[in-house]
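Trainee: What follows is a predicted protein model with its sequence.
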Amino acid sequence: MLEKCCLLLSANESYQNAESDLYLLTGLKVGHSTHHRKVNQIELPLPDLKQGLSEISVDGGKIRLRTAEKGEPSFWQEYKTARLQEFITELSFR
């Protein structure tokens with residue numbers, strides 16, 4: 001169970017933040033280097049592709065969003081995007 005928590009937190013944020021969040025949530029101290037090591041120990045199976053993959057694009061950053069109401073302050077939001085060939089495009093905000 002602890003390993004699953006480490007992996008989940010490491011997947012959603014930096015190893016340093018995963019260390020402090022795990023301590024806050026469970027009271028257990030697990031160093032950021034241990035989070036990193038756990039992630040690198042995972043063996044992920046290769047997907048069963050029906051055709052070859054020739055293009056992949058991944059990006060992310062921050063974007064400034066304005067509100068609909070004039071005079072309201074704008075805010076910054078992180079985004080992540082991924083594209084596999086011309087078939088699948090994903091965009092998500094955090």
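Mentor: Perfect, thanks for sending it.
Trainee: count of residues packed around Ser32?
Mentor: Careful, residue 32 is His; it's not Ser. One way to gauge burial is a neighbour count; for His32, by other Cβ atoms under 10 Å, it gives 16. Every residue, glycine included, has its C-beta placed from N, CA and C.
Trainee: gap between the most centrally placed residue in the chain and His35?
Mentor: When the chain is reduced to its mean C-alpha position, the closest residue under Cα atoms, centre = their mean turns out to be Asn12, at 4.2 Å. Relative to His35, Asn12 is positioned 11 Å away (criterion: Cβ to Cβ, to the nearest Å).
Trainee: Who are the contact partners of the residue nearest to the centre of the chain?
Mentor: For Asn12, the contacting residues are Ala18, taking Cβ atoms under 8 Å, 6 or more residues apart in numbering as the criterion.
Trainee: one step back: list the residues that are in contact with both of Asn12 and His35.
Mentor: With the criterion set as Cβ under 8 Å, 6+ apart, the overlap between the contacts of Asn12 and His35 is Ala18.
Trainee: Which pLDDT does the model give the residue nearest to Glu13 when sequence neighbours are not counted?
Mentor: Residue nearest to Glu13 in three dimensions, not counting chain neighbours: Asp21, with 7.1 Å by Cβ to Cβ, 6 or more residues apart in numbering. The model reports Asp21 with a pLDDT of 86.
Trainee: Asp21 is in what secondary structure piece?
Mentor: When elements are assigned from DSSP states H and E, Asp21 belongs to helix 15-26.
Trainee: buried stuff in the helix or strand following that helix?
Mentor: Beyond helix 15-26 in the direction of the C-terminus, DSSP H and E gives the next helix or strand as helix 32-41. Along helix 32-41, the positions that meet the burial threshold by neighbour count (16 or more other Cβ atoms under 10 Å) are 32, 34-36, 38.
Trainee: Tell me the one of those nearest Ser74?
Mentor: Taking Cβ to Cβ as the measure, Ser74 sits nearest to His32 out of these, at 32.8 Å.
Trainee: from memory that closest one sits against Tyr15, does it?
Mentor: Yes. Contact status for His32 versus Tyr15: in contact at 4.0 Å, counting by Cβ atoms under 8 Å.
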